[in-house]
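no sequence for this one, just the structure:
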């Protein structure tokens, strides 16, 4: 495993790098799962702006001082009283090194209140589904549909 550091998102540089990771991961992950037209609108500039606008409840994972992944978490808007992992992304080149697992572990530790933890995963995102299952998440059977240029189902685990 690479030497890494997990910390709250703090600095302008980390926000810029988190924005890049967000943008890059969306294009690595969702190519073929979402309409190309929608993905074209996910720009680096928009992702960097989001990182600066909403830095709270975000961890970054850094390898050699550079952000290579991030997680966002908070109270669920869909499941009253539950915590939610809102996002967890790791650049593809760092997959298979247990870095995603360490980031997920640190994120879940924020849920010390022992409430239920939920997340949503896009149907067809088999890599993420396998990862979350290894971490102990299970499908609940609940779904929601979000408009990503076309209606796409997401599943809660």
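Good, I have the coordinates. Everything numeric in this text was worked out from a predicted model, so none of it was measured.

Tell me the strands beside the lengthiest strand in the chain, with direction?
Secondary structure assigned by DSSP state E gives strand 66-75 as the longest strand of the chain. Here strand 66-75 is paired, per DSSP bridges, with strand 58-63 (antiparallel), strand 83-90 (antiparallel).

quick one: average confidence on the longest one?
Strand 83-90 shows an average pLDDT of 94 in the prediction.

Now the element after that strand, going C-ward?
Moving toward the C-terminus from strand 83-90, the next helix or strand (DSSP states H and E) is helix 99-108.

after that following helix, next one along is what?
Beyond helix 99-108 on the C-terminal side, the first helix or strand identified by DSSP H and E is strand 117-122.

and the helix or strand that that next one is followed by, what does it pack onto?
As assigned by DSSP H and E, the chain's next helix or strand after strand 117-122 is helix 126-134. Where contact means 3 or more Cβ pairs under 8 Å, 6 or more residues apart in numbering; DSSP states H and E, helix 126-134 is packed against helix 99-108, strand 117-122. For glycine as for every other residue, the C-beta is placed from the backbone atoms N, C-alpha and C.

quick one, the shortest one and helix 126-134 angle?
The directions of strand 117-122 and helix 126-134 differ by 160 degrees, with axes from the mean of the first three to the mean of the last three Cα atoms, to 10 degrees as the criterion.

Can you list the buried residues in strand 117-122?
Neighbour counts over strand 117-122 (16 or more other Cβ atoms under 10 Å) mark 117, 118, 119, 120, 121, 122 as buried.

ok now it, how far from the chain's centre?
10 Å (Cα atoms, centre = their mean, to the nearest Å).

Determine the set of other helices and strands touching that strand.
Applying 3+ Cβ pairs under 8 Å, 6+ apart, we find strand 117-122 packed against strand 83-90, helix 126-134, strand 151-156.

go again using 10 Å as the cut-off
Under the contact criterion of 3 or more Cβ pairs under 10 Å, 6 or more residues apart in numbering; DSSP states H and E, strand 117-122 touches strand 83-90, helix 99-108, helix 126-134, strand 143-147, strand 151-156.

For the protein, which residues score under the pLDDT cut-off?
1, 114, 148-157 (pLDDT under 70).
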